[in-house]
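>>> 3D model of this:
(chains A, B, C and D)
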There are 4 protein chains.
Amino acid sequence: MTTETSLAHGRSYLAIPGPSVMPDEVLRAMHRAAPNIYSGALIDMMPGLLADVRRVARTKHHVAMYIGNGHAVWEASLANVVGPGDSVLVPSTGHFGTSWAGMAESLGVTAHVLDFGKRAPMDLERVADTLAADKAHEIKAVLAVHVDTSTSVRNDIAGLRQVLDAADHPALLMVDCIASMGCDAFEMDAWGVDVAMTACQKGLMVPPGVGFVFFNDRAAARRAEMARVSSYWDWTPRAHADSFWQYHCGTAPTQHMYGLRTALDMIHAEGIENVWHRHEVLAEAIWVACEAWGKTGPFELNIIERAHRSRAVTALRLQAPYATALREWTQSRIGLTLGIGLGMVASDDPNWHGFFRLGHMGHVNGQMIMGLLGGMQAGLRALDIPHGEGALDAAAEVIARG
Amino acid sequence: MTTETSLAHGRSYLAIPGPSVMPDEVLRAMHRAAPNIYSGALIDMMPGLLADVRRVARTKHHVAMYIGNGHAVWEASLANVVGPGDSVLVPSTGHFGTSWAGMAESLGVTAHVLDFGKRAPMDLERVADTLAADKAHEIKAVLAVHVDTSTSVRNDIAGLRQVLDAADHPALLMVDCIASMGCDAFEMDAWGVDVAMTACQKGLMVPPGVGFVFFNDRAAARRAEMARVSSYWDWTPRAHADSFWQYHCGTAPTQHMYGLRTALDMIHAEGIENVWHRHEVLAEAIWVACEAWGKTGPFELNIIERAHRSRAVTALRLQAPYATALREWTQSRIGLTLGIGLGMVASDDPNWHGFFRLGHMGHVNGQMIMGLLGGMQAGLRALDIPHGEGALDAAAEVIARG
Amino acid sequence: MTTETSLAHGRSYLAIPGPSVMPDEVLRAMHRAAPNIYSGALIDMMPGLLADVRRVARTKHHVAMYIGNGHAVWEASLANVVGPGDSVLVPSTGHFGTSWAGMAESLGVTAHVLDFGKRAPMDLERVADTLAADKAHEIKAVLAVHVDTSTSVRNDIAGLRQVLDAADHPALLMVDCIASMGCDAFEMDAWGVDVAMTACQKGLMVPPGVGFVFFNDRAAARRAEMARVSSYWDWTPRAHADSFWQYHCGTAPTQHMYGLRTALDMIHAEGIENVWHRHEVLAEAIWVACEAWGKTGPFELNIIERAHRSRAVTALRLQAPYATALREWTQSRIGLTLGIGLGMVASDDPNWHGFFRLGHMGHVNGQMIMGLLGGMQAGLRALDIPHGEGALDAAAEVIARG
Amino acid sequence: MTTETSLAHGRSYLAIPGPSVMPDEVLRAMHRAAPNIYSGALIDMMPGLLADVRRVARTKHHVAMYIGNGHAVWEASLANVVGPGDSVLVPSTGHFGTSWAGMAESLGVTAHVLDFGKRAPMDLERVADTLAADKAHEIKAVLAVHVDTSTSVRNDIAGLRQVLDAADHPALLMVDCIASMGCDAFEMDAWGVDVAMTACQKGLMVPPGVGFVFFNDRAAARRAEMARVSSYWDWTPRAHADSFWQYHCGTAPTQHMYGLRTALDMIHAEGIENVWHRHEVLAEAIWVACEAWGKTGPFELNIIERAHRSRAVTALRLQAPYATALREWTQSRIGLTLGIGLGMVASDDPNWHGFFRLGHMGHVNGQMIMGLLGGMQAGLRALDIPHGEGALDAAAEVIARG
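Here you go, the predicted model:
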């Protein structure tokens, strides 16, 4: 046998927190010639497409679509409601909260960051205190990340709304659902979210390239008061397009529209609540396995409390250099790619090799998760990384219950 | 026979000025599972990809990539060099020139529009006069559309540079090459262009979703002087990415990168000068046919002078309601979709039905153009639209000479 | 410009008599993972698939499917009704008639060939005389090619049935519809055909790999009398499958089933009679162009009488070496591939370069045919091949009438 | 939650013994327009394709390709070397051995079946006795199945050759490698196999539709002596094609050739010996898990001795109705399709529900096998099927060692 010998030649599994595994049906739907952009199927599908994406966000309000990624919709949503001189409050629970704050700053907005570290959700009392102190209502918006993909913490958005209401504070509640929508339960209208945003490459199961900003009438009213919104970011014509070109302020991402149509069909055929349930059970299978591995040795879930964990991404700690070694082993030896750690330490810190993440979002089922966990088990053994017993049986037990 | 009888059932030909006909190779390259975004083929291909796209623009300078369409790169390029309070000069030769000016205004920039109508290129003398009058050098940039897709006029960019030089005016020369790059000869460095931009869905033959901003060191210096550039539009980290995520300020449009790689391979295998030559000959075939049809009756090329015509899009005039009738006939009867007229009159003006356009950009060859023209000839006859004789033979003659 | 300069870089058009141009929808339907072969969509689609393919053949009788090409179904159909020692009559009108006779001989069957040359349909009187002379009814079957792809002659199958009936001869009427089904009108039941066969890569618009044998109860009775039929060729279990594996005597061509499903949906959505009409009009467009080119110079249709011409393939004569030169020019210069001549002279005869063919079967529409003819016109001019005038205008006129 | 709730929505895993999981690269390569069949890439690739498929079979001799499945190459291979009145010896170890014998009978060949049951390999001594008794050398060929897909037994082909040699018997050694080639080690030349055959949809990782017959000069000599071989099955022109059409006796399965090219590239890039090693390790992982489950309760491997087990398919016994219940649970609940039992009992026997099979052939890697086994473990628990402990950990241990 040459050194090329491995057990990796087969269907790769990209278990990273986005881009997620794309359904074959979605890729097939996108493999098509340039369509007619004046009339016909593509034009006709737009209203239904926007209605169905709103059903995923659980909102009856407005949605603007953008060619772009998560960062694009961060900037797009900010650009419609805040501008130079405005202030926002950012209760941060990880790399992405901090990054969004930085983006606001780049727009001339003052971002007040409440940093809750990397292993806990936001402390709503501290948020309440801060809002209470803002007597002048200088804070125009609260920027909350539902699930911070770097830490895999899940924040209590409904609770945050209650804090705003209790404080009688008029700031808009803006929520980044990039890593949660279509995975973890999210109720835009019921929870009183004013602006929410997501991108298509995670729970929506479409190759990266399209994002969405959802907004309610309160947010629209704020937009109307803005002195100036750039015509590209302006959500108004996108959400209320008279002509096809207005949905995307120019040429549409034509193939993506077909992919999105197919993905939404799949989601609603399953039922969004069933989708949430599936993510919940699969996440629990991952948790019980990781908790078992952690009974002995350095394996540790980044978020200790189950109630605060994302059901779409799991950040893990595995004493350096074990995490990197495990990722490299599963990729090169058995066809399984795990996610790198993000934002926990600097990338040139040797401890960087002690963090990794699992993506379990969108198009994932029971046999995939058993392959993910079974592959990790093999890697832990191959590399002699100390770990507790019983992980796989425990996970299978959760999946057996369904 | 039922009323469904038609000769349209076959391979459709979308002869509109973008999105253009995509090569099967490009679509195939994009039909792939989500790739590894940490290491491997996708990461490794990026430097070569950017080098090869610069070769299409004929520049040795910088390029930033954006998930987006033509409007996105309009805004991106402006956002890096002008801001609220600045002025730009926009010599407009059609709908897109005017629209770009409008986008500048939405950013708080004052846009001085020189309107040269819809049937002629910019008058360089008038531009020279305007620049000469700007003693204070308040004009920070000249925004020129190389080919205005609505009118199909082609402007003299090298000449415009000479005007700026002659005036010794420091304004940046910014050129929209969306409808020309990869079709009509364009020499960013040799012509002295400071900022150029394009999108992928025309001459670059990739489904819509990615755009490019090229900029030289003068433009980079202007960027460095800006008080603030939003982190999403900032071209600096995109053009000089240390990490993969920086190329796209977040998640990359992974599938598009593979499509782009394939398209660039095709372009450079043919040779960019050969690509330009092909567009030139095919455009001439279209011109001689259109000129022949125009000898009798209402058929007319929007741009009279060949020297000012785009080789990628042709705007035509055909007395209302003939243009619309012809488009509808070719689409429903023989599988050929022609482009609508754009920006010539209001869309509720009955004369709107007197304009249409042909796209002949990117992945087009001799037999396709003969199918386009032959289909139009059939439509003119079917609808009894008066027209001159000899169009197809004249076009075949041009193609025969190659 | 280098010698690489050409106008060929664009979407290629393969205008050969099979494999024909495949609809994107069909290719997309086939791009799928291996499906479940025990239950679910694939199993459930089979009865409808066979019913719909029978609708194309216009028969209410039986159909057996084979993984294979036209030659496979030639042998399959023979193997079910004739064996060593039997005789068949083969009125041949081209290369394929003769080849089918050869295949019968390879099975130990005596094939009496009536050779009607390469430019005319079968002479039914001579067939009648031969049958009348067969007092002992030693001829077990008459093997007729509906359209011989090599000569493009179209035979009168209904007339042939009348000859058999008039002779009160019990021979089975077996018809090769490989180049005609889904293109030229064919009525298996109404015309009294006992066995018909076709393959999927021409009028059925599916990549090569599947063929069909249709048979009625008379043929089934003949099968029942056979001493032995090989289990692979036996049509009985295939036509009356109890289990999924029996449809294909083993593993099914799973992806092809999805492609076929899509193609049949397209055919029946258009309506089979409309499909025939489309082929008829497009063939006429080709004929008038070819007749015009033939007014001067060496260009000649192989079949002089329109009544005897196929509407799916056209064999042409163009004094050697013009035919080959034209094919090479259109392929290398403008992206159009024409079919080689077949079976007219030996392939090492210099006159071989004087024959070529056009395929116009299946997924073809008006604009494609104008591209085909326009491309040929350009080639005739480029190569200075003498030809008559007015071809393209005449063709456009036919297409205009629709 | 509705009754629709399941954990199945994700990427399905078809773990049946063929068609196997197809690489995305193969499917992508097949998604292409009809190619030029006269010249160019497709024609040029044929010699290399055949050379590379011979490298998989480990033979320097001849190969004929057939559009067809395993049954097609069974019949094709027989048709070239035996005919009515001939005899063959069939040492059968399962459903497929018996079926192949039946196919020989349908060709008029007398098949002497030595039935070794369903749980053991052939007994070479009994074969030796039978050959010794055939003084007149009436047996023209020995038909051996390398791996019988129904029982998952693996026979000793090299040993069988020794038996033939020891008996000095001239019968051809013909070996069905349909379920083993590209999975289990097979050495056509080194083992002295005269005729071998396979199909593309298992170890070769290409959608069903193409099969191969490999033959050496001894077999070719036998072919030359045959009174008659049907022109479709004749392997001579296919193996020594002068023209492209001869490779497939008519129209080529054009898209399949591209898929096959890609699959062979993947196999040889990995190295055929590495491919065998991968199958060996993954099979062992499955075996240790199955052996663990079998320590308690009804779970049982059909083949007791590891030395006689296939490394590509595993037949299992699980007291009725458990096997069917498990298959239905994994398919509907977690997206995993297991293979049905085949040929163990009649399909209307209630015990039919006590058999099932796993396919682990071709494009399979370590994480997939852990998903397969983990999914089975979940099913055993969900259905309360008695089983031993430690299966998953044991399998992970094997994979960890690589």
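>>> all helices for chain A, in order.
Per DSSP state H, chain A carries helices over the ranges A:24-30, A:41-57, A:70-81, A:95-106, A:124-133, A:157-167, A:217-225, A:235-239, A:254-270, A:272-293, A:322-334, A:366-382, A:391-401.
>>> with mean pLDDT, distance to chain B and mean neighbour count added, can I get these in JSON lines?
In this view, the C-beta of every residue, glycine as well, is placed from N, C-alpha and C. Shown next, in JSON lines, are the helices of chain A (pLDDT from 0 to 100; distance: least, C-beta to the nearest C-beta, whole Å; neighbours: other C-beta atoms under 10 Å in any protein chain shown):
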{"stretch": "helix A:24-30", "mean pLDDT": "98", "distance to chain B": "5", "mean neighbour count": "22"}
{"stretch": "helix A:41-57", "mean pLDDT": "98", "distance to chain B": "11", "mean neighbour count": "17"}
{"stretch": "helix A:70-81", "mean pLDDT": "98", "distance to chain B": "4", "mean neighbour count": "27"}
{"stretch": "helix A:95-106", "mean pLDDT": "98", "distance to chain B": "4", "mean neighbour count": "21"}
{"stretch": "helix A:124-133", "mean pLDDT": "98", "distance to chain B": "24", "mean neighbour count": "15"}
{"stretch": "helix A:157-167", "mean pLDDT": "98", "distance to chain B": "22", "mean neighbour count": "17"}
{"stretch": "helix A:217-225", "mean pLDDT": "98", "distance to chain B": "13", "mean neighbour count": "15"}
{"stretch": "helix A:235-239", "mean pLDDT": "98", "distance to chain B": "11", "mean neighbour count": "20"}
{"stretch": "helix A:254-270", "mean pLDDT": "98", "distance to chain B": "4", "mean neighbour count": "22"}
{"stretch": "helix A:272-293", "mean pLDDT": "98", "distance to chain B": "18", "mean neighbour count": "22"}
{"stretch": "helix A:322-334", "mean pLDDT": "98", "distance to chain B": "8", "mean neighbour count": "22"}
{"stretch": "helix A:366-382", "mean pLDDT": "98", "distance to chain B": "13", "mean neighbour count": "29"}
{"stretch": "helix A:391-401", "mean pLDDT": "98", "distance to chain B": "23", "mean neighbour count": "23"}
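>>> now those in a markdown table, with distance to chain C?
Formatted as a markdown table, these follow (distance: least, C-beta to the nearest C-beta, whole Å):
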| stretch | distance to chain C |
| --- | --- |
| helix A:24-30 | 6 |
| helix A:41-57 | 12 |
| helix A:70-81 | 29 |
| helix A:95-106 | 34 |
| helix A:124-133 | 46 |
| helix A:157-167 | 37 |
| helix A:217-225 | 39 |
| helix A:235-239 | 29 |
| helix A:254-270 | 10 |
| helix A:272-293 | 20 |
| helix A:322-334 | 20 |
| helix A:366-382 | 14 |
| helix A:391-401 | 21 |
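>>> export the ones you listed as TSV, with columns for distance to residue D:159.
Shown next, in TSV, are the helices of chain A (distance: least, C-beta to C-beta, whole Å):
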stretch	distance to residue D:159
helix A:24-30	43
helix A:41-57	61
helix A:70-81	62
helix A:95-106	63
helix A:124-133	75
helix A:157-167	69
helix A:217-225	78
helix A:235-239	73
helix A:254-270	52
helix A:272-293	45
helix A:322-334	34
helix A:366-382	35
helix A:391-401	39
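>>> what does the stretch 101-250 of chain A put close to chain B?
A:102-103, A:106-108, A:199, A:201, A:207-209, A:228-234, A:248-250 (C-beta under 8 Å from any C-beta of the partner chain).
>>> hmm, 10 Å instead?
Contact residues (C-beta under 10 Å from any C-beta of the partner chain) of the stretch 101-250 of chain A with chain B: A:102-108, A:178, A:199-202, A:205-211, A:227-234, A:242-243, A:245, A:248-250.
>>> list only buried entries from these.
With neighbours counted by 16 or more other C-beta atoms under 10 Å in any protein chain shown, these contain buried members at A:103-107, A:178, A:199-202, A:205-211, A:229-234, A:245, A:248-250.
>>> quick check: phi and psi at the residue of the stretch 101-250 of chain A found nearest chain D.
Closest to chain D within the stretch 101-250 of chain A is residue A:205: 9.8 Å, counting by C-beta to the nearest C-beta. Per-residue torsions, residue A:205: phi 70, psi 30 (degrees, to the nearest 10).
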